[in-house]
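Student: fold the following.
(one chain, ligands or ions: 1)
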Amino acid sequence: MISKHLKIKGQYWTDSLTLVSGCSPVSEGCAHCWSAGMASRFDWGKPYAKNGKWTGKVEPNYKALEKLEKRVGSERKLKPRVFCIWNDLLYPQIPCDFQLRVLHAMYYLEQDVFLILTKRPEEIENSAFCQGPFEDTELPNIYIGVSVESQKHIHRIDQLIKNWPGKKFVSIEPCLGAVDLSPEQLAELNQVIIGCESGANRRQPPDMKYLHSMLWQCSKMAVPVFLKQWDMYGKFRKMPKFDGHTYDQLTWSKTLTQEVPKGDTG
Ligand code: SF4
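Tutor: Take a look at the predicted model:
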């Protein structure tokens with residue numbers, strides 16, 4: 001059972017890490033950006049967001065990187081974590097040498113999993129992920145994912161497949177319409193996350209038949225699915241049951257359930 005290892009129901013990671021401060025909207029899925037809302041609520045986020053919208057200022061967050069590098073240098077046996085990287089590490093203004101330091105740290109933290117979500121998969125080929133010392137290195141603990149809010153943005157999956165030979169996932173959240181994945185796309189994916197929009201300003205979720213179709217497509221190709229949240233007949237639910245099933249499959253679950261040596265508090 002995965003959910004007992006997660007701090008909050010409906011969360012598919014154990015820790016978040018803001019390696020990039022700020023962002024800017026790409027498509028309609030960004031309209032109610034949760035991260036911009038959070039950043040504008042706190043002093044640390046003020047240069048980057050105001051009234052729930054990004055200001056346009058985007059910078060690498062060296063403090064967060066140093067935190068990660070400190071973890072590499074730890075002499076304790078560390079409890080495995082699943083880190084979700086906030087904002088977009090593939091944002092065009094993020095320098096390659098910063099990405100390279102991030103990759104070095106992730107590479108050495110082999111007990112952890114890192115989830116890097118982007119709406120800019122076209123940037124992968126010009127980033128440190130595809131160039132430099134890691135070009136031909138296997139990085140089994142790094143997953144790059146693309147957000148696809150509707151069929152209009154399905155090409156992001158093809159760009160991800162073209163540019164990233166490592167582990168891949170798709171986040172259909174916020175789901176704003178039907179998404180039909182081809183068998184070729186599904187065959188390349190290690191994980192699919194599905195969720196309707198959350199928050200007070202959420203838009204109407206798409207028709208239930210679209211959810212049914214996405215779950216069916218994934219089950220036919222045996223792709224693990226995590227149904228994060230959905231509006232079930234007018235009621236917003238985290239990890240709801242659908243047709244009698246809870247979709248809580250996470251391919252990185254082995255990391256979460258890994259035995260941790262006694263005495264570890266990491
Ligand atoms: S890409 Fe992500 S972080 Fe950036 S504005 Fe869109 S939803 Fe927000």
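
Student: how far off centre is stretch 153-166?
Tutor: 15 Å (C-alpha atoms, centre = their mean, to the nearest Å).

Student: tell me which residues are up against that stretch.
Tutor: With contact meaning C-beta atoms under 8 Å, 6 or more residues apart in numbering, stretch 153-166 is reached by 27, 29, 119, 121-122, 124-125, 129-130, 138-140, 142-148, 168, 170, 179-181, 185, 188-189. C-beta coordinates here come from the backbone N, C-alpha and C atoms, glycine included.

Student: strands along the stretch 51-200 of the chain, start to end?
Tutor: Using DSSP state E, counting those that start in this stretch, the strands found in the stretch 51-200 of the chain span residues 53-54, 59-60, 82-85, 113-118, 142-147, 167-172, 191-195.

Student: now do the contacts for the residue of the stretch 151-266 of the chain found nearest the ligand.
Tutor: Residue nearest to the ligand within the stretch 151-266 of the chain: Pro174 (8.9 Å; C-beta to the nearest ligand atom). By C-beta under 8 Å, 6+ apart, the contact set of Pro174 is Gly29, His32, Glu149, Gly195, Cys196, Glu197, Ser198, Arg202, Arg203.

Student: show me which of those residues are buried.
Tutor: Using 16 or more other C-beta atoms under 10 Å as the burial test, the contacts of Pro174 include Gly29, His32, Glu149, Gly195, Cys196, Glu197, Ser198 as buried.

Student: from Pro206, how far out is the fifth one?
Tutor: Looking back up the chat, that one is Cys196. Distance of Cys196 to Pro206, computed by C-beta to C-beta, to the nearest Å: 7 Å.

Student: phi and psi next, for the residue of the stretch 51-200 of the chain found nearest the ligand.
Tutor: Across the stretch 51-200 of the chain, no residue is closer to the ligand than Lys119, which sits at 4.5 Å (C-beta to the nearest ligand atom). In terms of degrees, to the nearest 10, the main-chain angles of Lys119 are phi -110, psi 10.

Student: and the residue nearest the centre of the chain, bridged to which residues?
Tutor: The centroid of the chain falls nearest to Leu117 when counting by C-alpha atoms, centre = their mean (4.0 Å). Beta-bridge pairing for Leu117 (DSSP bridges): Gly145.

Student: quick check: it vs Met38, distance?
Tutor: Distance from Leu117 to Met38, by C-beta to C-beta: 15 Å.

Student: for the residue of the stretch 151-266 of the chain closest to the ligand, which non-adjacent residue is spatially closest?
Tutor: Leaving aside its sequence neighbours, Pro174 sits nearest to Glu197 (C-beta to C-beta, 6 or more residues apart in numbering; 3.6 Å).

Student: ok, now which ones touch that neighbour?
Tutor: Glu197 neighbours (C-beta under 8 Å, 6+ apart): His32, Glu173, Pro174, Cys175, Leu176, Arg203, Pro205.

Student: around the ligand, which positions in the protein sit nearby?
Tutor: Counting by C-beta under 6 Å from any ligand atom, the residues of the chain close to the ligand are Cys23, Pro25, Val26, Cys30, Cys33, Ser35, Ala36, Asn87, Asp88, Lys119.

Student: make JSON lines from those and add pLDDT and neighbour count to it.
Tutor: Below are these laid out as JSON lines (pLDDT from 0 to 100; neighbours: other C-beta atoms under 10 Å):
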{"residue": "Cys23", "pLDDT": "98", "neighbour count": "23"}
{"residue": "Pro25", "pLDDT": "98", "neighbour count": "13"}
{"residue": "Val26", "pLDDT": "98", "neighbour count": "16"}
{"residue": "Cys30", "pLDDT": "96", "neighbour count": "18"}
{"residue": "Cys33", "pLDDT": "94", "neighbour count": "20"}
{"residue": "Ser35", "pLDDT": "95", "neighbour count": "21"}
{"residue": "Ala36", "pLDDT": "95", "neighbour count": "24"}
{"residue": "Asn87", "pLDDT": "96", "neighbour count": "23"}
{"residue": "Asp88", "pLDDT": "97", "neighbour count": "23"}
{"residue": "Lys119", "pLDDT": "98", "neighbour count": "22"}
